[in-house]
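Visitor: mind folding the following:
(one chain, ligands or ions: 2)
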Amino acid sequence: MGMAGESRNWVLMVTAQTPTNIAVIKYWGKRDENLILPINDSISVTLDPNHLCTTTTVAVSPSFKQDRMWLNRKEISLSGGRYQNCLREIRNRACDVEDKKKGIKILKEDWGKLHLHIASYNNFPTAAGLASSAAGFACLVFALAKLMNLKEDQSQLSAIARQGSGSACRSLYGGFVKWIMGKEENGSDSLAVQLTDEKQWDDLVIVIAVVSSRQKETSSTSGMRESVKTSLLLQHRAKEIVPKRILQMEEAIKNCDFTSFAQLTCADSNQFHAVCMDSCPPIFYMNDTSHRIINIAEKWNRSEETPQVAYTFDAGPNAVLIARNRQTAALLIQRLLYYFPPNSDDLNSYVIGDKSILQDAGLTGMKDVEGLPPPPETKDNIPSQKYKGDVSHFICTRPGRGPVLLADESLALLDSENGLPK
Ligand SMILES: Nc1ncnc2c1ncn2[C@@H]1O[C@H](COP(=O)(O)OP(=O)(O)OP(=O)(O)O)[C@@H](O)[C@H]1O
Ligand SMILES: C[C@@](O)(CCOP(=O)(O)OP(=O)(O)O)CC(=O)O
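Guide: Residues are numbered from 1 along each chain as shown. Ligands and ions are numbered 1, 2, ... in the order given. Prediction:
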């Protein structure tokens, strides 16, 4: 191993950017806790990394004394089983690497002795129910696979990312993605495949309502463990409901059939939360604000000929709303801002991401928000109540692409001289 001239000072590194994803047919329940094998297939849409993503730099150098990791600039321990499983699986598949320009040659067998530095940054709050673990583990696995010159394809990499966090396997692809549960005991066939890329159905708009919440929710990992142990509805769901829904959802996605897509997405989110409530003791992830958002969407959809918006909620109160197209997204944001005006006067920090949706909705300042009329579907009703401050902020985004390498060294999170965080 090493470099011409016997210097031990070289650092070789790779930086990658990976999106997060939101399930439209939910993964909830494992048949193997250590390998992270699910009890049913799931389907997700990948979110545009321009608005929500993880950036990870991985580096190797003979001067590193141990594996180290920094998450959002703070050093964290890599001793957890999930990190160890991913690192072991990748090292087992590492190949020869040569960087002629830098005069570095690493042989396959050297990787077991070399240590790694990893720095990662989420451009959104970590562990706030925005699936940071999904983007995080997908990015870690993707970046390490590039650094160590793995020959495995994206689906095989997804089976490694799965061992970091189940939902992470679906972040190895853009567009719509299916995680096939598999049947092998060793998990080799439990992996993600792409259904369609992000360009196939490109008029969808996604609005995330980040709901203010004080209490810390039950983690997905422990919540689904309790559900597997105690919920009979979960067994019925996995055996009888999800297999049919997966087929219907694949059909809806293939045909860009929004009506069917919206019905399936909403029904599956609601059933997942019903399973949580069917667990003992019951688990509540949604709060009053979540329920209000469901009511607003349902009322609007019922007043139109066909659904305009789909909603889905993961293991927390945040709403992910998927609008049919830009036009309906503008109507959606009008409704959301009517019911949930910002606490402060700063509209610019209240609606983030793709702000052009605000423009489309004719909302350029707080005056426009204050002037919003009640949505037509509420007419004949008593004046509707408003819930100022119950939503922390909105993120406007869309379906997006899968992981990419960032070639520009200035975007690396580690210093190319000493391999420490910049
Ligand atoms: N960029 C990252 N790189 C590696 N690991 C990460 C990264 N971001 C988050 N993680 C891991 O994921 C954990 C957070 O996962 P957790 O499931 O609690 O929250 P979440 O994914 O943000 O929300 P949820 O799963 O409820 O949607 C962190 O403690 C860390 O171990
Ligand atoms: C509700 C969900 O978001 C659950 C995600 O669970 P995680 O993937 O976070 O759980 P672990 O595999 O234990 O890490 C639904 C989904 O993403 O499919």
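Visitor: need the residues of this protein near ligand 1, please.
Guide: Within the chain, the positions lying close to ligand 1 (CB under 6 Å from any ligand atom) are 54, 71, 120, 122, 126-133, 136-137, 140, 219-220, 314-316. No exception for glycine: its C-beta is placed from N, CA and C like everyone else's.
Visitor: selecting buried members of those residues in ChimeraX, what would you type?
Guide: To isolate the buried ones among the residues of the chain next to ligand 1 in ChimeraX, judged by 16 or more other CB atoms under 10 Å, type:
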select :54,71,120,122,129,130,131,132,133,136,137,140,220,314,315,316
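Visitor: what's residue 23 in contact with, if anything?
Guide: Residue 23 makes contacts with 42, 43, 44, 167, 170, 312, 314, as judged by CB atoms under 8 Å, 6 or more residues apart in numbering.
Visitor: what are the buried residues along the helix or strand hosting it?
Guide: For residue 23, the element it lies in under DSSP states H and E is strand 21-25. Buried positions in strand 21-25, judged by neighbour count with 16+ other CB under 10 Å: 21, 22, 23, 24, 25.
Visitor: export those to TSV and tack on pLDDT and distance to ligand 2?
Guide: Output for these, formatted as TSV (pLDDT from 0 to 100; distance: CB to the nearest ligand atom, whole Å):
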residue	pLDDT	distance to ligand 2
21	98	7
22	98	7
23	98	3
24	98	9
25	99	8
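Visitor: now, which of the residues you listed sits nearest residue 353?
Guide: Within the buried residues of strand 21-25, the smallest distance to residue 353 is 14.0 Å, found for residue 22 (CB to CB).
Visitor: quick one: the closest one and residue 166, what's the gap?
Guide: Distance, residue 22 to residue 166, by CB to CB, to the nearest Å: 14 Å.
Visitor: now the closest residue to ligand 1 within the stretch 101-250 of the chain: how far from ligand 2?
Guide: Across the stretch 101-250 of the chain, no residue is closer to ligand 1 than residue 136, which sits at 2.3 Å (CB to the nearest ligand atom). As for residue 136, its distance to ligand 2 is 10 Å (criterion: CB to the nearest ligand atom, to the nearest Å).
Visitor: and the end-to-end length of stretch 311-320?
Guide: 6 Å (CA to CA, to the nearest Å).
Visitor: with stretch 370-389 instead?
Guide: One end of stretch 370-389 sits 14 Å from the other (CA to CA).
Visitor: buried set for that stretch?
Guide: Quick answer for stretch 370-389 (16+ other CB under 10 Å): 372, 375, 377, 378.
Visitor: tell me the gap between stretch 282-297 and the middle of its chain.
Guide: In terms of CA atoms, centre = their mean, to the nearest Å, the centre of stretch 282-297 is found 20 Å from the chain centre.
Visitor: does residue 125 count as helix, strand or coil?
Guide: What DSSP: H, G, I helix; E, B strand; the rest coil gives for residue 125 is coil.
Visitor: also the one 10 residues further on?
Guide: With three-state DSSP as the basis, the three-state label of residue 135 is helix.
Visitor: please report how far the closest residue to residue 268 other than its chain neighbours lies from residue 399.
Guide: Distances taken as CB to CB, 6 or more residues apart in numbering put residue 25 closest to residue 268, at 5.1 Å, once the chain neighbours are dropped. As judged by CB to CB, residue 25 and residue 399 stand 16 Å apart.
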